[in-house]
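Participant: Here is my input, please return the structure:
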Amino acid sequence: MERSILHCDLNCFYASVELLTLPQLRRLPVAVCGDPESRHGIVLAKNEIAKSYGVKTAETIYQARRKCPELICIPPHHRRYADYSKLVNEIYLRYTDLVEPFGIDESWLDITGSKHLFGGDAAAIANEIRARVKRELGLTLSVGVSFNKIFAKLGSDYKKPDATTVISPENWRDILYPLPVTDLLFVGRAAAAVMARMNIRTIGDLAAADPAALEAALGKQGRQLHQYANGLDRAPVRPYHQAEPIKSVGNSTTYARNLTTREEVRAAIALLSDSVAMRLRRHGLYCGGVQVGIKDPQFKSISRQKQLRRSTHLMRDISAAAMELIDAAWKYPAPIRLLNVTAIHLTDEAETFEQANLFEGGEEQSSERQERIERTVDAIRGKFGTDAIAFGGTEIK
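Facilitator: Below is the predicted model:
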């Protein structure tokens, strides 16, 4: 049976929620922004009017106001956005229990088994959902209707705001093949750059490419993207209350002042690694790799990662790997504004990825001792709070 999948994407979500209580600003360019005084002076969301001036998410307020001097910046209210996201998903659940959120403002719905209860026409159901959300909550959304999740997502992006786009087995090549390959979900800048060198610039180019060559260039992701471009996505829509498997555990901090010395960076990395390790242990997970992200005051970012010799959930190991990556990628005293540490390649049991050195017999005993120490810290924090105890040398002066 051909599936009927909807992808519902709320339009300018943060800004739209804010304008519900600020109706006097609806005809003006508005952006939801972080607080410049605490160095979070970036655009988090913007309304359609600000978008028409070229204002973009994640650019600085300074950059946005150069494009739109009349831009009105308002602070975010994240609790309010979470509440509205829940209300919107409750509307979706009236149509199916297969509702899979994709971030705070997007969800997939599989109405294959329930659409007969609402007239049987998937596009008509999409329009009914759009009308209901607008009537009950005052928000608009764009909906893609298709036979798989990837194409439904492309449909909701195809026409905005407040629209329904049907991508069917009959029309999908005509609609999707001319689109830039970057429009396809999971094609990031790095993958797009590799494909450009292979003369692949549109979704049609990707669909016609040699899957073996794509796999050689991009790994397993290359073959998967080729399947997506050919309409072969078979991923199910998860039930709303089914938790998504944890793929990574990370933490980041933007600092009130720039970090310029290795000692400051080491202390900051230790704090982040402690948080990541504690969460891994809480979920019964180990990481087989570590990734770090660095952002400077000009918002230039770099990201580096490495595989570990053995999987771990210990702060000591994660911190050491993170510092190794930073020392290789960064030249002190170049200033650092933001740091991120992420545990990747997660498993639910300890694994060794390289043959152990016969002369490192004490390493396993050292890890067991460190495990006992860090679990003792977990127990103290569980009883007295997360601020009750910290590892030495993690304070940033």
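
Participant: for the spatially most central residue of the chain, helix, strand, or coil?
Facilitator: The residue lying closest to the centre of the chain (CA atoms, centre = their mean) is Gly103, at 7.4 Å. Assigned by DSSP: H, G, I helix; E, B strand; the rest coil, the conformation of Gly103 is coil.

Participant: C-alpha coordinates for the strand or helix carrying Tyr228, PDB please?
Facilitator: Under the criterion of DSSP states H and E, Tyr228 resides in helix 220-229. Extracted in PDB, the C-alpha atoms of helix 220-229 (Å, rounded to 0.1, in the frame of the first residue of the first chain):
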ATOM      1  CA  LYS A 220      27.400   5.000   3.400                       C
ATOM      2  CA  GLN A 221      25.800   8.400   3.400                       C
ATOM      3  CA  GLY A 222      26.400   8.700  -0.300                       C
ATOM      4  CA  ARG A 223      24.400   5.600  -1.200                       C
ATOM      5  CA  GLN A 224      21.700   6.600   1.200                       C
ATOM      6  CA  LEU A 225      21.300  10.000  -0.400                       C
ATOM      7  CA  HIS A 226      21.100   8.400  -3.800                       C
ATOM      8  CA  GLN A 227      18.200   6.300  -2.500                       C
ATOM      9  CA  TYR A 228      16.500   9.400  -1.100                       C
ATOM     10  CA  ALA A 229      16.900  11.200  -4.500                       C
END
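
Participant: next structured bit after that helix?
Facilitator: strand 249-259.

Participant: Tell me where the chain has helices.
Facilitator: 13-20, 48-52, 61-67, 78-92, 122-137, 149-158, 172-176, 189-197, 203-208, 211-218, 220-229, 262-283, 315-329, 361-384 (DSSP state H).

Participant: and the ones you listed as a markdown table, adding mean neighbour count?
Facilitator: Any C-beta I mention is one placed from the backbone N, CA and C, and that applies to glycine too. Listed next are these as a markdown table, based on neighbours: other CB atoms under 10 Å:
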| stretch | mean neighbour count |
| --- | --- |
| helix 13-20 | 22 |
| helix 48-52 | 18 |
| helix 61-67 | 16 |
| helix 78-92 | 16 |
| helix 122-137 | 17 |
| helix 149-158 | 24 |
| helix 172-176 | 17 |
| helix 189-197 | 14 |
| helix 203-208 | 19 |
| helix 211-218 | 16 |
| helix 220-229 | 19 |
| helix 262-283 | 20 |
| helix 315-329 | 20 |
| helix 361-384 | 13 |
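
Participant: In CSV, list those helices along with mean pLDDT and distance to Val290.
Facilitator: Below are the helices of the chain laid out as CSV (pLDDT from 0 to 100; distance: least, CB to CB, whole Å):
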stretch, mean pLDDT, distance to Val290
helix 13-20, 96, 31
helix 48-52, 95, 37
helix 61-67, 91, 32
helix 78-92, 95, 28
helix 122-137, 98, 41
helix 149-158, 97, 30
helix 172-176, 97, 37
helix 189-197, 90, 19
helix 203-208, 98, 31
helix 211-218, 93, 22
helix 220-229, 94, 20
helix 262-283, 92, 8
helix 315-329, 95, 4
helix 361-384, 66, 16
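
Participant: I appreciate the help and will end here.
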